[in-house]
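A.B. asks: The following comprises the amino acid sequence and a computationally predicted model.
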Amino acid sequence: MEPDPDDAVTLQFFDAPEPFLDAAGGLLAAQPVLGSVIASVSERVQRELAEGRDSWAEAAAPFPRWWLVVRDSSGAAVSAAMRTATFKPYPTFALPMTEVAARALAATLHERGELLGGANGALPGAEVLARATAELTGGEMVTDKATRLWEATSVDVPPAPEGRLRQATEDDAELVLAWFTAFHEEADEQAGREPDPHSGEHNTLDSALVRIREGVEWLWEMPDGEVAHLSGVSLPSYGVSRVGPVYTPKEFRGRGIASYVVGELTHRGLDAGHRMCLFTDQANPTSNKIYASLGYEPVVDMAEHLVRAPTTP
């Protein structure tokens, strides 16, 4: 059977965030919650480059960073993806895309010798991309983590526990950095996975300081001054702010701190006119239950996939 020309897609790659945002702006504006990760990361990189910094250079990845717009047969932008993650295996992140587009992307990366070790984003496109890559390389696709994107259009803020909410300061930078790492490791534990200290965002003291200076990291301080919780909330991109990470050390859990902080930050965002979203790990029933009780509702299921190289006999 001949392929339907209406299914044809064009892949338009970009090596910098500014022209990508120009090309994908209409799509991201039309789907701002779905596009929250791509938009906020792209804008952060844009700010970095304007300030003369480049976290990608520090990552020393064996290929150039890129952004992608998928265009249909009429030339309209219908999906977007990026490969900007500064941690191994440098996974892609994609908006919903058709099977045709996902397979075309897998083939293009394979043809240019760019090994794709991971594919994250909306289903089923992210899974198709990972599976097609595994087929081309003779490797194996593994679903590493099932995630869910949620949005709150209203919020029920629970009663405040003892203590106070305050923005992190530069004096808190080392603690914030340590808790970024602990968040990823303990999230794996809570979901029943083997903790991976290299998973998630690559953070440094400098990147923690940047986030603190942007005013996006919040701490809960107990009456005696001890810090007991961290929550982040991103700068708005296309009118959407994303909550995360959310971390409470084990000794302070069970006091309602995380529920209150996320509820309060969500309330403040909604009150400022922003749309508010967050991600959960589907394997962690506690966080899913907490956010649902605050008023968050599921938007789309996503997943993180690994593509393992073929084993040699």
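C.D. replies: Yes, it's here.
A.B. asks: quick one: low-confidence parts of the stretch 151-300 of the chain?
C.D. replies: 187-202 (pLDDT under 70).
A.B. asks: mind listing the strands for it?
C.D. replies: For the stretch 151-300 of the chain, the strands defined by DSSP state E, counting those that start in this stretch occupy 164-167, 217-221, 227-233, 240-247, 275-281, 296-308.
A.B. asks: Quick one: list the elements packing against the shortest one.
C.D. replies: Using 3 or more C-beta pairs under 8 Å, 6 or more residues apart in numbering; DSSP states H and E as the contact definition, the elements that strand 164-167 packs against are strand 217-221. C-betas here are computed from N, CA, C, even on glycine.
A.B. asks: helices and strands around the strand it packs on, which ones?
C.D. replies: Under the contact criterion of 3+ C-beta pairs under 8 Å, 6+ apart, strand 217-221 touches strand 164-167, strand 227-233, helix 257-271.
A.B. asks: can you rerun that using 6 Å?
C.D. replies: Using 3 or more C-beta pairs under 6 Å, 6 or more residues apart in numbering; DSSP states H and E as the contact criterion, the neighbours of strand 217-221 among helices and strands are strand 164-167, strand 227-233.
A.B. asks: do you know which of the strands of the stretch 151-300 of the chain lies nearest residue 42?
C.D. replies: Closest of these to residue 42 is strand 240-247, at 13.2 Å (criterion: C-beta to C-beta).
A.B. asks: could you check the angle strand 217-221 makes with the closest one?
C.D. replies: Taking axes from the mean of the first three to the mean of the last three C-alpha atoms, to 10 degrees, strand 240-247 and strand 217-221 form an angle of 40 degrees between their directions.
A.B. asks: Strand 240-247 versus helix 257-271: what angle between them?
C.D. replies: Computed by the same axes, to 10 degrees, the angle between strand 240-247 and helix 257-271 is 170 degrees.
A.B. asks: Just the C-alpha atoms of strand 240-247, please, in PDB.
C.D. replies: Extracted in PDB, the C-alpha atoms of strand 240-247 (Å, rounded to 0.1, in the frame of the first residue of the first chain):
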ATOM      1  CA  VAL A 240       1.700  28.200  32.700                       C
ATOM      2  CA  SER A 241       3.800  27.500  35.800                       C
ATOM      3  CA  ARG A 242       4.800  24.000  36.800                       C
ATOM      4  CA  VAL A 243       5.200  22.800  40.400                       C
ATOM      5  CA  GLY A 244       8.300  20.700  41.200                       C
ATOM      6  CA  PRO A 245      10.400  19.200  42.600                       C
ATOM      7  CA  VAL A 246       8.500  18.700  45.900                       C
ATOM      8  CA  TYR A 247      10.700  17.200  48.600                       C
END
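A.B. asks: Could you list the residues in contact with it?
C.D. replies: Under the criterion C-beta atoms under 6 Å, 6 or more residues apart in numbering, residues 32-33, 36, 179, 183, 230-234, 258, 262, 269, 274-278 lie in contact with strand 240-247.
A.B. asks: Please apply the same query to stretch 210-219.
C.D. replies: For stretch 210-219, the external contacting residues (C-beta under 6 Å, 6+ apart) are 166-168, 170, 173, 176, 227, 230-234.
A.B. asks: Can you go through these and name the buried ones?
C.D. replies: Neighbour counting by 16 or more other C-beta atoms under 10 Å classes 168, 173, 176, 227, 230-234 among the contacts of stretch 210-219 as buried.
A.B. asks: now for the residues you listed, which pair is the farthest apart?
C.D. replies: Pairwise distances across those (C-beta to C-beta) peak at 20.9 Å, for the pair 227 and 234.
A.B. asks: from the middle of its chain, how far away would the helix or strand containing residue 13 be?
C.D. replies: When elements are assigned from DSSP states H and E, residue 13 belongs to strand 10-14. Taking the mean C-alpha point of strand 10-14 and that of its whole chain, the gap between them comes to 21 Å (C-alpha atoms, centre = their mean, to the nearest Å).
A.B. asks: Now do the nearest residue to residue 305 once chain neighbours are set aside: how many residues are near it, please.
C.D. replies: Distances taken as C-beta to C-beta, 6 or more residues apart in numbering put residue 130 closest to residue 305, at 3.7 Å, once the chain neighbours are dropped. When neighbours are counted by other C-beta atoms under 10 Å, residue 130 registers 30.
A.B. asks: and residue 130, what are its phi and psi?
C.D. replies: Dihedral angles phi and psi of residue 130 (degrees, to the nearest 10) take the values phi -70, psi -40.
A.B. asks: Can you tell me how far it is from residue 92?
C.D. replies: In this view, residue 130 and residue 92 are 9 Å apart by C-beta to C-beta, to the nearest Å.
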